[in-house]
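>>> Generate coordinates for the sequence data below:
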Amino acid sequence: NSGDVKAFIDGASSIATGGIDMDADQSSRTIAISAGLAGATGKKGIAIAGSMSFNQIHTDVEVSLGNITTAAGNSGSVSMNASDDSNVVIVAGAAGFGSKAGVGAAFAYSDLQNDVRALVTNVSNLKHTGLFEVKARTDTDVVTVTGAGGIAKGAGGGSSFGLAGTVSVNLIDNEVIAAIDNSSTHADSTGNVVLQAIDNSYFFAFAGAVGYGGTVGLGAAVAVNIMTNEVRASVTNSDIDTTGQFKLLAQETATVTSISVGGAGSKKFAIAGGISANDFTNVTQAYVSGGSHIDVDGLVEIKAIDDTQIVSIAGGLSFSQKGAVGASVGVNLIDNDIRAYVDGSVVISTGATTTIQADAGNLIVAIGIGGAGGTKFALGGSVSINEITNTVEAGVRNASTVLSADTIDISARDNSTMVVVAGGFAGS
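Numbers count the residues shown, from 1 in each chain. Coordinates of the predicted model:
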């Protein structure tokens, strides 16, 4: 599934209007369901069921104002908004019921790329009397559910095997950009200049598997989520003059909830495992660079904020009349880059404060439980690996000039938190 949504003015020699209002909006619903079912009731019946779901969803949403010789004829506000509000539901399931063997396997793969951009490029003398806003935002919601069951009760006292496995893999690569490049505003412009790039996506991934067999029961579930987003609000090689305020905001607030649970039961031996792995390497930046000149009467704010969250639950539970093993593994890694800065440019507030701020407030909640019960042997355990290694920077560099009538506040903070619960139990 892919699509382009674009609203633009490009190559006009001049603009004379009472205001500019441009919107590019993507709002879609995608539902993908795959299922497999098999049954074999004979004494030696073997049932194998499987399902696979491959989903590639790419959207390109852009609003742009470009290559305009002069836009001094505008006598109103300028509003440019690009937004994506997509909802995706992916379900894959399989169940096998057999006397000798029951096998169920489900696999789901999704590759999600949302490029959302609001751009002003190569525009000279853009006049605004009122708000000048350039905003890009994505609010994508994705739900992925995979489940599998393998049941074999056995017939006539013979051996039987129940095997079930699920794998869910989700790749998330959003690009959200609000930018002014190689452009200038008219000296008589009034009102605030606001650039915002915000990613507010939510992803839910569930993988579950249950296997039961008279001789062996095996249930394994794996959920993998990889996020590599870029969120940027920037002004490059541009001159901005206004009586109002100047605000840049790049904000990443994506949340991933990942649940993987494996269950198994058998009269003789049962093994169950759940694996949940999540890796975030996002880039969130707000900056003024490339010889830009910002001269405003109001306050100046340049902010980059990352509040991404991971909620990870992994479990493996098994029970057997003889031997049972239950285990869980959770791996959660966050290595984000958050920067707010002025680079080789001039930023002046003639009547208020200037704030350059980079904040990280990431959260990892990791829960792992492995449990087993068996009359002769039982082993339960969990492994949880969690790491946050952010780069958070706020600064002024490369011969820049920052002047303010009031205070200049430059701050970089990392207030990330990890809550980890890992345990195992066994009874024999």
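
>>> which helices and strands does the helix or strand of the chain with the lowest mean pLDDT pack with?
Within the chain, no helix or strand scores below strand 70-74, which has a mean of 81 by mean pLDDT, DSSP states H and E. For strand 70-74, the contact count by 3 or more CB pairs under 8 Å, 6 or more residues apart in numbering; DSSP states H and E identifies strand 14-17 as packing neighbours. Where C-beta positions appear, they are placed from N, C-alpha and C, glycine not excepted.

>>> The strand it packs on pairs with which strands?
For strand 14-17, sheet partners with direction are given as strand 70-74 (parallel), following DSSP bridges.

>>> still on that earlier bit, give me the contact list for the least confident helix or strand of the chain.
When contacts are taken as CB atoms under 8 Å, 6 or more residues apart in numbering, the neighbours of strand 70-74 outside the stretch itself are 13-20, 65, 123-129, 186.

>>> Report the buried members of those residues.
Burial by neighbour count, judged by 16 or more other CB atoms under 10 Å, picks out 15, 20, 65, 123-129, 186 from the contacts of strand 70-74.

>>> tell me which of these is nearest to residue 260?
For the buried ones among the contacts of strand 70-74, the minimum distance to residue 260 (CB to CB) is 46.0 Å, reached by residue 65.

>>> which is the next helix or strand following the least confident helix or strand of the chain?
strand 78-84 (DSSP states H and E).

>>> And the helix or strand following that next one, what does it pack against?
Per DSSP H and E, the first helix or strand lying C-terminal to strand 78-84 is strand 87-98. Based on contacts counted as 3+ CB pairs under 8 Å, 6+ apart, the elements that strand 87-98 packs against are strand 29-40, strand 46-68, strand 101-123, strand 141-152.

>>> Identify the residues contacting residue 361.
Applying CB under 8 Å, 6+ apart as the definition, the contact partners of residue 361 turn out to be 305-307, 415-417.

>>> Make TSV out of the residues you listed and add secondary structure, distance to residue 217 and neighbour count.
Shown next, in TSV, are those (DSSP: H, G, I helix; E, B strand; the rest coil; distance: CB to CB, whole Å; neighbours: other CB atoms under 10 Å):
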residue	secondary structure	distance to residue 217	neighbour count
305	strand	47	21
306	strand	43	29
307	coil	42	18
415	coil	45	11
416	coil	40	19
417	strand	38	11
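
>>> Can I get stretch 48-68 in PDB, CA atoms only?
Backbone C-alpha positions of stretch 48-68 (Å, rounded to 0.1, in the frame of the first residue of the first chain) are rendered in PDB as follows:
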ATOM      1  CA  ILE A  48      -0.200 -28.500   9.800                       C
ATOM      2  CA  ALA A  49      -1.600 -25.000   9.500                       C
ATOM      3  CA  GLY A  50       0.200 -21.800   8.700                       C
ATOM      4  CA  SER A  51      -0.400 -18.200   7.800                       C
ATOM      5  CA  MET A  52       1.900 -15.400   6.500                       C
ATOM      6  CA  SER A  53       1.200 -11.700   6.200                       C
ATOM      7  CA  PHE A  54       3.500  -9.300   4.400                       C
ATOM      8  CA  ASN A  55       2.600  -5.600   4.500                       C
ATOM      9  CA  GLN A  56       4.500  -2.700   3.000                       C
ATOM     10  CA  ILE A  57       2.900   0.700   3.700                       C
ATOM     11  CA  HIS A  58       4.600   3.800   2.300                       C
ATOM     12  CA  THR A  59       2.900   7.200   2.400                       C
ATOM     13  CA  ASP A  60       4.300  10.500   1.100                       C
ATOM     14  CA  VAL A  61       2.500  13.600   2.400                       C
ATOM     15  CA  GLU A  62       3.900  17.000   1.500                       C
ATOM     16  CA  VAL A  63       2.800  20.600   1.500                       C
ATOM     17  CA  SER A  64       5.300  23.000  -0.200                       C
ATOM     18  CA  LEU A  65       5.900  26.500  -1.300                       C
ATOM     19  CA  GLY A  66       8.900  26.800  -3.600                       C
ATOM     20  CA  ASN A  67      10.800  28.700  -6.200                       C
ATOM     21  CA  ILE A  68       9.000  32.000  -6.000                       C
END
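
>>> Report the buried residues of it.
By neighbour count with 16+ other CB under 10 Å, stretch 48-68 contains the buried residues 48-51, 53, 55, 57, 59-66, 68.
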